[in-house]
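Peer 1: Give me a model of this one.
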Amino acid sequence: MIGVASRLCNVHPQTLRQYERLGLVNPSRVGQKNRLYSMVDIQRVQRIQRLTQEIGVNLAGVEIILRLLEDMDKMREDMESQFEEFRSEAERRIQNLLMNSNLPIRKDEQLLPSLRLEWRRPEI
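Peer 2: Sure thing, here's the model as predicted:
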């Protein structure tokens, strides 16, 4: 509900309506009147507040920043997926090579080490 969300975010309900009109947040609807804000929506509003109040970004800039952050998330997911496909294919090829080899091979571990990618999203 908008009243609860406004208290959690420390903003006026009209501000939440404005963010929704601008497409910055998109709460789900219960019936035709009531908005239902998820925790993701609340965190998004809090991020918007940090950008506008602490950094001084206007709402047009906020929209661009949020879109760029979403694009970065999608690119990260895509990169991780492609990397996993590459790793699986490399391991499959190595296995094929070793099947016809007399080299001693440990069977209890993967041939390729797993790369640990840590994604650090900027604190905004």
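Peer 1: The residue of the chain most remote from its centre in helix, strand or coil?
Peer 2: No residue in the chain sits farther from the centre than Asn102, which is 46.1 Å out by C-alpha atoms, centre = their mean. Under the three-state scheme (DSSP: H, G, I helix; E, B strand; the rest coil), Asn102 adopts coil.
Peer 1: show me what contacts it?
Peer 2: By C-beta atoms under 8 Å, 6 or more residues apart in numbering, no residues touch Asn102. Just so you know, the C-beta spots here come from the backbone N, C-alpha and C atoms, and that holds for glycine as well.
Peer 1: repeat for the one 5 residues further on
Peer 2: Contact partners of Lys107, counting by C-beta under 8 Å, 6+ apart, are absent.
Peer 1: Distance check, the residue nearest the centre of the chain against Met79.
Peer 2: Central residue of the chain (C-alpha atoms, centre = their mean): Asp73, 4.6 Å from the mean position. Per C-beta to C-beta, to the nearest Å, Asp73 is found 11 Å from Met79.
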